[in-house]
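Trainee: Pasting the sequence and the predicted coordinates here, then a few questions.
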Amino acid sequence: MARGNHGQHIFRDDQDRKQWLETLGEACHKTGWRIHAYVLRGNHYHLLVETREGAPEKAALAWWLRQRTTVPLRWVSERLGMGHSSRVAQAVSRMRRRPGRKLEKLRRELAQAFNKEN
């Protein structure tokens, strides 16, 4: 999800929305992303995106959810499709011990996104 600054509109008109979707389509073609759902609103949009690098992103998101919320591991594993909750615990543990460069970048991006919204 992304929002316009101070609740401002992010699309000028339907043509602007169409161009945004075409650009998103190009990005999907270049990166291998799959869009499962999207909603374009006046001042924000929602995307449900699957990427080729889903496992590292899922691990980073699981870590972030465990740091910022009190949701149970089972809930995280079900929502992220990570299998048994023990796999979530392992992923979170790895993120804490040795995230690696790619996961560290994802972790920073998630932390920045959370801080911008609050």
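Mentor: Cool, the structure landed.
Trainee: List the contacts of the nearest residue to residue 34 once chain neighbours are set aside.
Mentor: Nearest non-adjacent residue to residue 34, counting by Cβ to Cβ, 6 or more residues apart in numbering: residue 50, 4.4 Å away. No exception for glycine: its C-beta is placed from N, CA and C like everyone else's. By Cβ atoms under 8 Å, 6 or more residues apart in numbering, residue 50 lies in contact with 33-34, 36.
Trainee: again with residue 70
Mentor: By Cβ under 8 Å, 6+ apart, residue 70 has no neighbours at all.
Trainee: Would you check how far apart it and residue 80 are?
Mentor: 16 Å (Cβ to Cβ, to the nearest Å).
Trainee: Report how many residues lie close to residue 13.
Mentor: Counted by other Cβ atoms under 10 Å, the residues lying close to residue 13 total 9.
Trainee: Report the separation between it and residue 5.
Mentor: For residue 13, the distance to residue 5 - Cβ to Cβ - is 19 Å.
Trainee: same thing with residue 28?
Mentor: 26 Å.
Trainee: what helix or strand does residue 36 sit in?
Mentor: Assigned by DSSP states H and E, residue 36 belongs to strand 34-40.
Trainee: where does this structure have its least confident helix or strand?
Mentor: Lowest by mean pLDDT, DSSP states H and E among the helices and strands of the chain is helix 100-117, with a mean of 73.
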